[in-house]
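Student: Mind folding the following:
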Amino acid sequence: MLEDSYWSRINRSGWSRRRLLASAGAAAASVALAGCRGAGEGAAHTPAASSAGAQGSPQPGGTFVWFRNKNDILDPQRVSSSDQQSVAGVYSRVFQFRTGLNPEIAANHDLDPDLGLSAESPDAITWTVKLRPDAKFHNVTPVNGHAVGAEDVRSTFVRAIDPANPNRGTLDMIDPAQIQAPDATTVVFKLKYPYAPFRRMLASPTYSFIQPREALAGTYDPSKVVIGSGPFILKSYTPDVAAIYQRNPEYFVKGLPYVDSMKLAIVPDPSQQLAQFTGGNLDEIGATVTQQFTAFDVDAVQKQNPRALTVKSDYGIPNAILFQLGDPKSPFLDARIRQAFSMALDRDVISKTVWDGQSEQVVHVPAYMGKWSIKVQDLDPKIQGLYKYNPAESKKLLEAAGATNLQLKLTWANNFGTPPFVKQAETIGNFLNAVGVKTTLVVVDFNKDYIAGGKGLKNGFYAPDTVLLIAQAPYTEADDFLFNFYDSKSTSNNERLNDPNYDAMIANERTIVDENERLKAVLDIQRYLGEKMYGVSTVGTYNWAFVQPRVQNYQWTSSAGRATETYAKLWLKG
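Tutor: Numbering: from 1, shown residues only. Presented below is the predicted three-dimensional model:
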């Protein structure tokens, strides 16, 4: 494992308040992310400025090889999962998330520039975004390398509001008719209501990959042709085989990326992933959301690859049980039953069985969100008791609620079905059976049943005798987790929950400009979720990334934008 003494040598410089003086030759300047700024936020260094350093001078050239365990949908606005990773290096965003050699740097999701110079607002409603003038799209037909302008940003978010985008519910604050492009480098958003974390939305890979205006016009199909302005150009994508990327020679961050190309191998089988890494055919494993390793596997990887760099970081996906709360016939409208489910689970046993004791317990926002996530151990002691294994009290609550003969389907989508996830589901089913809840395990198709064009389980369309076990999408703003899953206005509200008090807390949090105050509000919302037990969180593990010794300047991020935030900054030692 990496030692604390190593991290203590890393320079963790704060943000200055200098502005980026944009020009075609600007390489390592500063950018002001101004307006409605909370405490601790200010100007950022560019990726180029953070790339040289602790491991010597960059060595350009070579091919970095990583993997996905499945074929991805290439249009980032038409998928609700982690598929955006495949195209993350092709597209740019207005901003991106800061990374460093210490993985803790990425946890708080502070912002660095990408296409944007600043985002200013006097009231969290009207946001003026200034763009750098020197960015160009890839020289691919029919876009042919034209400049990235305000109209491209405007059209990207107009397209994002389309009903075909399963993530559109989180963009509810955007009125497409109120996005203006007064000049080539200025975009003005007038939101429907105050939204203080708007700048982070402009950095989110889930929503904010900037597509050429031709995508909205229908001039080409983004699911077949991927055109962006990022550090890499997608040359080919062969399903079940690999994607090949070439360095973008006209990338606006001068000197990046360092590698000449990337290969994304499609390797579904975990044993093959490890074999390919051990054989030197993969440069990284274990760093994607769907490829978690247990502690036993960590030991195995380290023993077979003693020279590999091992990066351990907080992750803590809660893998929550969700209920149908929008049907008046649902037994789960009774909080006692939800609490009974929580106390039926021995989370220590789940931790040992699934993660070999290497686990964290959070309420809802994953631990990889750093200060924005609240852990169970930080709740009020009375609420903590709801998360403790107490089968006798669980049975009492079920009996008091008249729910002693529940027969349920514990359901998850096949995309979530990594071996640890399935093992966790089986263990949860056993605990529920032990308190008298007859539980059948059911696996459904992710696209056909879970997404189902916005009419699937993800959107709350399921019977009261179905409970969901879910793996969260890799969002990058706490509000996304809190709004998407539980706000009554969200199209991704799995439970169809309608709690006016909760909705009001979300609405208030979104108006708070001061970051320290908004942080307190976000943590209070999670405490409320813990008390109401709208979702029964289980346990999540840490993240381990294993990297070949030839890889230098590896800057870990949990963001789906890692191809820009991590891979574009590394270099390969010859």
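
Student: C-alpha only now, for contacts and for neighbours.
Tutor: Will do.

Student: partners of the strand or helix carrying Lys312, with directions?
Tutor: For Lys312, the host element (DSSP states H and E) is strand 309-313. Strand 309-313 pairs in its sheet with strand 543-547 (antiparallel), by DSSP bridges.

Student: what's the burial count for Arg562?
Tutor: By the criterion of other Cα atoms under 10 Å, Arg562 has 24 neighbours.

Student: How about the one 10 residues further on?
Tutor: Residues within reach of Leu572, counting by other Cα under 10 Å, total 21.

Student: Any idea what it is bridged to?
Tutor: Beta bridges link Leu572 to Val551, judged by DSSP bridges.

Student: Against Val547, how distant is it?
Tutor: 11 Å (Cα to Cα, to the nearest Å).

Student: sorry, back to before: now what about the strand holding Lys312, what contacts it?
Tutor: With Cα atoms under 8 Å, 6 or more residues apart in numbering as the test, strand 309-313 has contacts from 1-2, 103-104, 302, 368, 542-549, 556.

Student: Show me what the host helix or strand of Ala275 is packed up against.
Tutor: Using DSSP H and E, Ala275 maps to helix 270-278. Contacts defined by 3 or more Cα pairs under 8 Å, 6 or more residues apart in numbering; DSSP states H and E place helix 270-278 against strand 284-285.

Student: can you do 10 Å?
Tutor: strand 63-68, strand 284-285, helix 295-304 (3 or more Cα pairs under 10 Å, 6 or more residues apart in numbering; DSSP states H and E).

Student: Can you list the strands that the shortest one pairs with?
Tutor: Each strand that strand 284-285 pairs with, and the sense of that pairing, follows from DSSP bridges: strand 543-547 (antiparallel).

Student: what is the orientation angle of the strand it pairs with with helix 295-304?
Tutor: Strand 543-547 runs at 10 degrees relative to helix 295-304, counting by axes from the mean of the first three to the mean of the last three Cα atoms, to 10 degrees.

Student: Tell me the gap between strand 543-547 and the middle of its chain.
Tutor: 17 Å (Cα atoms, centre = their mean, to the nearest Å).

Student: tell me the mean pLDDT over it?
Tutor: The pLDDT scores in strand 543-547 average 90.

Student: And stretch 406-416, by the same measure?
Tutor: pLDDT averaged over stretch 406-416 gives 94.

Student: Over to stretch 107-125?
Tutor: Mean predicted confidence for stretch 107-125 is 93.

Student: Go through that stretch and flag the buried ones.
Tutor: Neighbour-count burial for stretch 107-125, counted by 16 or more other Cα atoms under 10 Å, picks out 107-121, 123-125.

Student: ditto for stretch 82-99
Tutor: 82-99.

Student: Can you get me the start-to-end distance on that stretch?
Tutor: 19 Å.

Student: how far is it from where the chain is centred?
Tutor: Averaging C-alpha positions (Cα atoms, centre = their mean) puts stretch 82-99 11 Å from its chain's average.

Student: circling back: narrow the buried residues of stretch 82-99 to those in strands?
Tutor: 95-97 (DSSP state E).

Student: and the residues you listed as a markdown table, adding pLDDT and distance to Asn248?
Tutor: What follows is these, written out as a markdown table (pLDDT from 0 to 100; distance: Cα to Cα, whole Å):
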| residue | pLDDT | distance to Asn248 |
| --- | --- | --- |
| Phe95 | 97 | 19 |
| Gln96 | 96 | 18 |
| Phe97 | 94 | 20 |
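
Student: mind listing the helices for the stretch 151-300 of the chain?
Tutor: 198-201, 213-217, 270-278, 295-304 (DSSP state H, counting those that start in this stretch).

Student: Could you give the average pLDDT over the first one?
Tutor: With pLDDT averaged residue by residue, helix 198-201 scores 92.

Student: for the last one, same thing?
Tutor: What helix 295-304 shows for mean pLDDT is 79.

Student: what is the orientation angle of it with helix 270-278?
Tutor: Using the same axes, to 10 degrees: helix 295-304 against helix 270-278 is 30 degrees.

Student: what's near enough to touch Lys70?
Tutor: Lys70 is in contact with 83, 239-241, 265-269, 290, 415, counting by Cα atoms under 10 Å, 6 or more residues apart in numbering.

Student: By neighbour count, which of those residues wins?
Tutor: Tallying neighbours with other Cα under 10 Å puts Ala265 at the head of the contacts of Lys70, with 24 neighbours.

Student: Now do the same contact list for that one.
Tutor: 65-71, 237-244, 273, 281-282.

Student: Please spell out the ChimeraX selection for the buried subset of those residues.
Tutor: Buried residues within the contacts of Ala265, by 16+ other Cα under 10 Å, are selected in ChimeraX with:
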select :65,66,67,68,69,70,71,237,242,243,244,273,281,282
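
Student: Restricting the selection to alpha carbons, write whichever strand or helix holds Ala119 to PDB.
Tutor: Following DSSP H and E, one finds Ala119 within strand 116-120. Presented in PDB, the C-alpha positions along strand 116-120 are these (Å, rounded to 0.1, in the frame of the first residue of the first chain):
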ATOM      1  CA  GLY A 116     -14.600  27.200 -19.300                       C
ATOM      2  CA  LEU A 117     -12.800  30.300 -17.900                       C
ATOM      3  CA  SER A 118     -15.500  31.300 -15.400                       C
ATOM      4  CA  ALA A 119     -19.100  30.800 -14.200                       C
ATOM      5  CA  GLU A 120     -20.500  33.800 -12.500                       C
END
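
Student: That one: partners in the sheet, and parallel or antiparallel?
Tutor: Strand 116-120 is paired, per DSSP bridges, with strand 126-131 (antiparallel).

Student: ok, Arg247 touching Lys263?
Tutor: No: using Cα atoms under 10 Å, Arg247 is not in contact with Lys263; the gap is 11.3 Å.

Student: These two: who's more crowded?
Tutor: Arg247 (23 against 19).

Student: returning to what we had before: go through the helices of the stretch 151-300 of the chain and name the closest to Ser492.
Tutor: helix 198-201 (16.6 Å; Cα to Cα).

Student: Quick one: list the elements packing against the closest one.
Tutor: With contacts taken as 3+ Cα pairs under 10 Å, 6+ apart, helix 198-201 sits against strand 95-97, strand 116-120, strand 126-131, helix 478-486.

Student: Among the ones you listed, which comes closest to Phe232?
Tutor: Nearest of the helices and strands packed on helix 198-201 to Phe232, taken as Cα to Cα: strand 95-97 at 15.4 Å.

Student: So for Leu572 and Val547, which residues contact both of them?
Tutor: 283, 554.

Student: Spit out the contact partners of the closest residue to Phe485 other than its chain neighbours.
Tutor: Nearest residue to Phe485, sequence neighbours excluded (Cα to Cα, 6 or more residues apart in numbering): Asn493, at 4.5 Å. The contact partners of Asn493, by Cα under 10 Å, 6+ apart, come to 169, 326, 457-461, 482-487.

Student: Three-state assignment for Asn493, please.
Tutor: Each residue gets one of three states, and Asn493 gets coil by DSSP: H, G, I helix; E, B strand; the rest coil.

Student: Could you shift the numbering so residue one becomes 6, and keep it that way?
Tutor: With the count now opening at 6, the last piece we talked about shows up as Asn498.

Student: How much space separates it from Asp485?
Tutor: 11 Å.

Student: can you check Gly331 too?
Tutor: 21 Å.

Student: can you list residues touching both of Arg252 and Lys268?
Tutor: 68, 239.
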